[in-house]
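> The following block contains a protein sequence and its predicted model.
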Amino acid sequence: MAQPIALRQVSHGYGNRLLFEQLDLTIAPGEHVVVIGENGSGKSTLLRILAGLEKPDKGELSLPQRPGYLSQALEAAAGLTVAQAIDQALADLRSIAAEIQRLSENLADATAETNERYDQLVTSFALRGGYQADARIDAALNNLGLAGLARDRPLDSLSGGERERFALACLLADPAPVLLLDEPSNHLDAAGLDWLEARLAAHHGTVVVVSHDRQLLDNLAQTVIEVDADKTEVRRYGNGYQGYLVEKKAERARWEQAYQQWLDAMAKEREKAVEGTGRNGYGRVRDKDKMAFDFKTGTVEAAVSSQIRNAQERLRRLEENPIDKPPQPLRLAARLGGSAASGAAVMPSESVLRARDLLIPGQLEVPEFALARQEKVLISGPNGAGKTTLLELLSGNRKGVGEVHAVARIGYLPQEVPAPPRPEQRLLPAFAEGRVGSIEEHAENLLRLGVFRSADFTLPVGGLSLGQRRRLALARLLLDEYSVLMIDEPTNHLAPQLVDELQELFTGFAGALLLVSHDRVLRRWFETLPQARQEHMQAGRMVSSDS
């Protein structure tokens, strides 16, 4: 009988930052788990520990079954071809096949022991689908938008997203009993997402996925594991993602109630202590009652002093055992707007961006594209359709044939945020770089935006997670004055709560919005927006959204 994955008394961190403290966690065989948490909270670290790739500072891991691991950022091995990478991914099956072939050549003179070994290998190979492994690779590559990938192509010639999809195809061609996947949906189109969900749902082994994809969370999760770096702990929630949302809402209500009760108790004891000071216990003293009052002064003062001491003692105990104030949810508080870059008046119905005869041979051909001042446009399409290329041309970040005319200031957030040129630079100075104002003003603006807390300001940007890097780029984008926002895959690497708030911000944006996204929940939300239209791209061309 398969044994569970177990972490026992695990503590781990980096430098002075502790992520987990005395963590106990058990994942049952066959359980389907999603791991969520704020960017930089330690989700990827937890997955690497579960995979046995990172040894915790303290504690131990029990991993009784073979794991298959997909990292969030896949580095290509220098000089490796696609074919060689496939052989490496299927090395176990290739080894079994080679031994079967070797034994089969001498079966006529084989011993009983050799025949038994041969039968075991053939059975194991068949049960693992070894005969269909290469066909599964081809099918997976096709479903993930990499059909026809040349086997002699160098792996490092693929883009980051292509490498991650290629690695996912290899991993699921011979799935291990335990699958540990870090953000597998980030570079998938709609067809790829549907295929991935079906494969993971059908996997009979254990599945642990770090993901921010809200629909995948809803469809896949039996159990939700939340990583909370602020409290250096990990919490389990049953009943799927919806059950998690219900329990989190109840947790928040209980926390707010406990905090308010603590505040009320503090105020009550302070009031008692203040009221007791100078009291005589009998209210205002009249002249004719002075003798009786003087007679009882000692008793009254003792009683009042006792009351004050008791109130002060209760107040001291409350102060020593505070209830932390529930943190305010991260809020995108930017006021977006802006005017035409040329200074000329632009009517709401006029185009702030117009392009003609855009052409990159073999990649893109768009005869005409226009964006009105308050219009919201969502571009969808399979991977490789040219969506990112179009945004790069429209934003001026790439040159090609054709004309692009903009009469408004454009803010652009690419899908892949480049690595910081100075990794040692701290987060707050990196945010403030090139911006007018004091560092204190920049800190206040960044805090008001709500994508980082003050404790994050001293983090070196080279140590930020992919999600934190994207948050930093998003913060710089949102706190500038732009009349046009272009964002490629706005939900990638962002926690579900932040995506919900980003959608709310976009709803009230007075300017023009151009998004490229495969996010299925975002696409349904987009349909509810006023002045919204959806475009579809296929093979570098705009086609009917019904195509």
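Noted; the coordinates are in hand.
> so what's V401 scoring on pLDDT?
Residue-level confidence at V401 comes out at 91, pLDDT.
> Now it: closest residue in space that isn't a chain neighbour?
Taking C-beta to C-beta, 6 or more residues apart in numbering as the measure, V401 lies nearest to L359, with 4.1 Å between them; neighbours along the chain are not counted. Where you see a C-beta, it was placed from the backbone N, CA and C, and this is true even at glycine.
> Could you report the neighbour count for the one you found?
Residues lying near L359 (other C-beta atoms under 10 Å) number 15.
> Can you give me the buried ones in the helix or strand hosting it?
For L359, the element it lies in under DSSP states H and E is strand 351-360. Using 16 or more other C-beta atoms under 10 Å as the test for burial, strand 351-360 gives S351, V352, L353, R354, A355, L358, I360.
> Spit out the contact partners of the nearest residue to H518 once chain neighbours are set aside.
What sits nearest to H518 in space, not counting adjacent residues and going by C-beta to C-beta, 6+ apart, is D189, at 5.0 Å. Contact analysis of D189 by C-beta atoms under 8 Å, 6 or more residues apart in numbering lists G145, G381, P382, N383, H518.
> List just the nearest of those residues to M542.
Using C-beta to C-beta, the shortest approach to M542 within the contacts of D189 belongs to G381, at 9.2 Å.
> Just to check, that closest one is in contact with G540?
No: no contact is recorded between G381 and G540 when judged using C-beta atoms under 8 Å, the distance being 9.6 Å.
> quick one on the thing from earlier: measure the residue nearest to H518 to F452 for me?
Separation of D189 from F452 (C-beta to C-beta, to the nearest Å): 31 Å.
> likewise P496?
Taking C-beta to C-beta as the measure, P496 and F452 are separated by 18 Å.
> So I86, which state does it fall into?
Applying DSSP: H, G, I helix; E, B strand; the rest coil to I86 yields a three-state assignment of helix.
> Just give me the neighbour total for it.
Neighbours of I86 under the rule other C-beta under 10 Å: 22.
> Might you report the residue contacts of it?
Contacts for I86 were tallied using C-beta under 8 Å, 6+ apart; they are D134, I137, R151, C170.
> circling back: which one of P496 and F452 has more residues nearby?
Set side by side, P496 and F452 show more neighbours around F452, with 22 against 17, by other C-beta under 10 Å.
> wait, doesn't that one sit right on L446?
Yes: under the contact definition of C-beta under 8 Å, F452 touches L446, with a separation of 5.9 Å.
> list the residues that contact both of the two?
Both F452 and L446 are contacted by A475, under the criterion C-beta under 8 Å, 6+ apart.
> Helices along the stretch 401-547 of the chain, start to end?
Taking DSSP state H, counting those that start in this stretch as the criterion, the stretch 401-547 of the chain contains helices spanning 427-432, 439-449, 466-478, 496-507, 520-526.
> right, and those helices - which one's nearest R252?
Evaluated over the helices of the stretch 401-547 of the chain, closeness to R252 peaks at helix 496-507, with 11.6 Å, by C-beta to C-beta.
> What's the mean pLDDT across that closest one?
The average of the pLDDT scores along helix 496-507 is 84.
> now do stretch 96-106
The pLDDT scores in stretch 96-106 average 90.
> how about it: buried residues?
Using 16+ other C-beta under 10 Å as the test for burial, stretch 96-106 gives I96, A97, I100, L103.
> Does the first one fall in a helix, a strand, or a coil region?
For I96, the assignment made with three-state DSSP gives helix.
> Next, count neighbours for the residue nearest to it when sequence neighbours are not counted.
Taking C-beta to C-beta, 6+ apart, and ignoring the residues beside it in sequence, I96 has F125 as its nearest neighbour in space, at 5.0 Å. The number of residues packed around F125, counting by other C-beta under 10 Å, is 17.
> G381 and G540 - which one has more neighbours?
The neighbour count for G381 versus G540, taken as other C-beta under 10 Å, is higher for G381 (24 against 21).
> if I pick that one, what's in contact with it?
Shown in contact with G381 (C-beta under 8 Å, 6+ apart): D189, K387, H536, M537, Q538.
> Just the pLDDT for it.
Note for G381: predicted pLDDT of 90.
> could you measure it against Y118, distance?
Taking C-beta to C-beta, one finds G381 at 50 Å from Y118.
> hang on, the earlier thing: now do the contacts for the residue nearest to I96.
Applying C-beta under 8 Å, 6+ apart, one finds that F125 lies in contact with L93, I96, A97, I100, Y131.
> Taking the contacts of I86, tell me the two that lie furthest apart.
Taking C-beta to C-beta as the measure, the contacts of I86 span a maximum distance of 12.6 Å, between R151 and C170.
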